[in-house]
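Chemist: can you look at this prediction? I've put the sequence above it.
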Amino acid sequence: MPSSRRWFFDLCRQLVPRELAEVVAWADANYRVVNKDRDMFSSEDSPWLLEPLRMADDPLVSRVTYVKPVQCGAGTSLGEIMVLRWILGGNGLIGYYWPTNDKAKDRWEKWTERRIRACKAVHQILPRDYENLLIRFPAITFSMAGVFTPGNLDSDTVDYVLCEEVHEWAPGMLAKAKGRQTKVDFPKFIVVSNAGVKGDQLHQEFNEGTQQHFEVRCPGCRKYHVMRTRWEENQPALGGLRYDSDGCKRSDGTFDYNRLVPTIRFQMPCGYELRDDVQLRRAAAAGGRYSEPFNTGALLAHRSYTLQAVACHTMRWLDLIQEKHIALRALKTGDDKNWRQYLQERESIFYDPDEHRPFQGAVVLTESARVNRQGLPKEIAKFYAFDWQQGFKHLGELTHYWGVIESVMENCSSQVIWAGKVDDEMELLSVLREHGITDSDLGGIFDGFIDASKNTKHILSFCYRAGINAVMGNASGKGLWKWPDGEFQYYSPKKFIYKELNMPPKYDLRLTREGYVEDPSEPFIIMYSKAGILKNHFFIQEMKANVLANKPDAGPDEYIERVVPEDIGDDYLHHHEAWERDLKATAPKGMGQVEGFKQTHRVDHLMSCTCYIDLEKDLTGLLGNELARLGIAKQKTTDGAQGTARPT
């Protein structure tokens, strides 16, 4: 064949889109990262990238959402590999979008142009002349731009869309990017980003997908587990990154990391401990995979993936711990920027100030105490309370209960022995029985409350069957009830649940001189005012500090104390800073406002449970008896009424 004709046919083959080799093998052979420390891409260094890459290349998958940590060699490579594949095998228009034109230009000048030119197959069809951020190939056009600039997302149909750093995009921009594919028969839409803010457009995009998490094979049990950074003492089955702070924490609150390093390990949900050895971690990651979809109702054409930095062998665990400590110290000064950045960039968590901000309030942790089932040696009862929650479907939540159990002594002092969340009524009853609270105690599980303010009929029915009392809040947050003796209280006289449900009594009525009366264990419901239970709770919560302020050498028999174990967990601490005193606050003017108090954030379920336990202390007479012994006048309740304990 004449050389001129051979040249012509070679050119034609270059111009016609063609089928490419399998994407991972192709990337290893063709994608060059042109970094200062290495040149060729190696899939062995990023096993957490392989499935997202394969799905991005799968013709049956139209959308891939990848929420990843920083500096794990996974994010931008996914998008750039696909851009090169589209250039070689696609037709139409590629839109590569960044938050701003300046970011797009900076990325182009530092990396994108170099990596396009470094791919030999692409370089062969690269036009001799092209504009910055815009290349017109024979069969496809590549365009790189910022989404904030008016017009960048408002015109052309785009066959292939790649979105980067979406956590920084203005609201509505992601929908605009999707809108450019309404006329495309086989669209490709890829989102690569760190986590953003809970409920934002990126979070919604991730939740709409399959929600798959990277998991590794445990060397101990040989099962697959999701690796999460945060360790929670009361939920060891979740696993987490652990270290021993005993002897490592210095007087100024910082750590001696030389002592801390040998104690660092990752505890698998099965209990197996993986040490911070890069070879062991590399082996675990190499055998990793993504979980089955958490969102079982998602279309398989929309894949969403995530992982935390703790699963990446390229990230030292000590660095994660140090970064977290720095962020927490900054947070104590009121600056949440570092904490937010740590959660989003390391734990791949969508930031919510109401959910993730560590506690900074008045609850004092007791280092010598630990949560336990047994309770205090001089315990006379275990008081408990649970708060039902609907859960949010768009967040993948089902209905659940938050709850607290306290071991209470005769002097009204107590210790928290359990605080957490249960999924349903069966688990709730199981937790009570595990802590020695059974329906054999005086005929019923009577030393606790369940909040029936929401889902009232269902909660009351459950309380009736289980023999548990119920409480309901006054919607206005304010109110007083007149008792038969003429006194006013912040809680109402009890009403029996069986009457509210139009059912027979759970227990047989008892014959007395006054006629038939309800059994003492008959489950009842009482109303309360929010202002009243908050005043009662803060009065008990602050008593020890107030007594010691006036008498530094006062002993435990001179005040009421609530012991909060050091390992109680972040949820308990955070929920207890949801409300604080506000002397300027008057009558409530809107939702979440209560006279004398202000709500700092909405998540207060465990604090509400603690308030119900303090109400129980008042209702049973324990509080009144102890205050009488101490000679302390109880704080006034709403509108000046005295809060004395009533007989039950």
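Modeler: That came through, no problem. Numbers count the residues shown, from 1 in each chain.

Chemist: going forward, measure contacts and count neighbours with C-alpha atoms only.
Modeler: OK.

Chemist: export the helix or strand harbouring residue 386 as PDB, just CAs?
Modeler: Applying DSSP states H and E as the criterion places residue 386 in strand 379-389. Only the C-alpha atoms of strand 379-389 are listed here, as PDB (Å, rounded to 0.1, in the frame of the first residue of the first chain):
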ATOM      1  CA  GLU A 379     -28.800   2.200  94.700                       C
ATOM      2  CA  ILE A 380     -32.500   2.100  95.600                       C
ATOM      3  CA  ALA A 381     -33.800   2.300  92.000                       C
ATOM      4  CA  LYS A 382     -32.900   2.600  88.400                       C
ATOM      5  CA  PHE A 383     -34.800   5.500  86.700                       C
ATOM      6  CA  TYR A 384     -34.900   5.600  82.900                       C
ATOM      7  CA  ALA A 385     -36.500   7.600  80.100                       C
ATOM      8  CA  PHE A 386     -36.900   7.200  76.300                       C
ATOM      9  CA  ASP A 387     -37.700   9.600  73.600                       C
ATOM     10  CA  TRP A 388     -39.300   8.300  70.300                       C
ATOM     11  CA  GLN A 389     -38.100   9.800  67.000                       C
END
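
Chemist: after it, which helix or strand is next? Please name it.
Modeler: strand 400-409.

Chemist: ok and the helix or strand just after that next one relative to strand 400-409, angle-wise?
Modeler: For strand 400-409, the succeeding helix or strand toward the C-terminus, using DSSP H and E, is strand 414-422. Strand 414-422 runs at 160 degrees relative to strand 400-409, counting by axes from the mean of the first three to the mean of the last three C-alpha atoms, to 10 degrees.

Chemist: can you list the strands that strand 414-422 pairs with?
Modeler: Partners of strand 414-422 in the sheet, by DSSP bridges, are strand 400-409 (antiparallel), strand 562-565 (parallel).

Chemist: who touches it?
Modeler: The contact list for strand 414-422 (C-alpha atoms under 8 Å, 6 or more residues apart in numbering) reads 234, 370-376, 400-408, 428, 561-565, 568, 571-572, 606.

Chemist: look up how far residue 401 lies from residue 137.
Modeler: Look at residue 137 and residue 401: by C-alpha to C-alpha, to the nearest Å, they are 58 Å apart.

Chemist: who has more neighbours out of those two?
Modeler: Neighbour totals were compared for residue 137 and residue 401, and residue 401 leads with 23 against 19 (other C-alpha atoms under 10 Å).

Chemist: quick check, that one in contact with residue 426.
Modeler: No. With contact defined as C-alpha atoms under 8 Å, residue 401 does not reach residue 426; the gap is 11.1 Å.

Chemist: what's the span of stretch 487-502, first residue to last?
Modeler: Per C-alpha to C-alpha, the first residue of stretch 487-502 is 29 Å away from its last.

Chemist: show me where the stretch 451-600 of the chain has strands.
Modeler: Assigned by DSSP state E, counting those that start in this stretch, the strands in the stretch 451-600 of the chain fall at 469-473, 481-482, 488-489, 495-496, 510-512, 515-517, 524-528, 562-565, 579-581, 597-599.

Chemist: then the stretch 51-200 of the chain?
Modeler: 63-67, 92-98, 134-136, 140-146, 160-164, 188-193.

Chemist: residue 581: how many residues sit nearby?
Modeler: 15.

Chemist: got the contact list for it?
Modeler: 596, 597, 598.

Chemist: top of those by neighbour count?
Modeler: residue 597 leads these on contacts (other C-alpha under 10 Å) with 22 neighbours.

Chemist: low-scoring stretches of the stretch 151-300 of the chain, by residue?
Modeler: Flagging of the stretch 151-300 of the chain using pLDDT under 70 yields the residue ranges 151-155, 251-253.

Chemist: residue 27 belongs to a helix?
Modeler: Yes. Applying DSSP: H, G, I helix; E, B strand; the rest coil, one finds residue 27 inside a helix.
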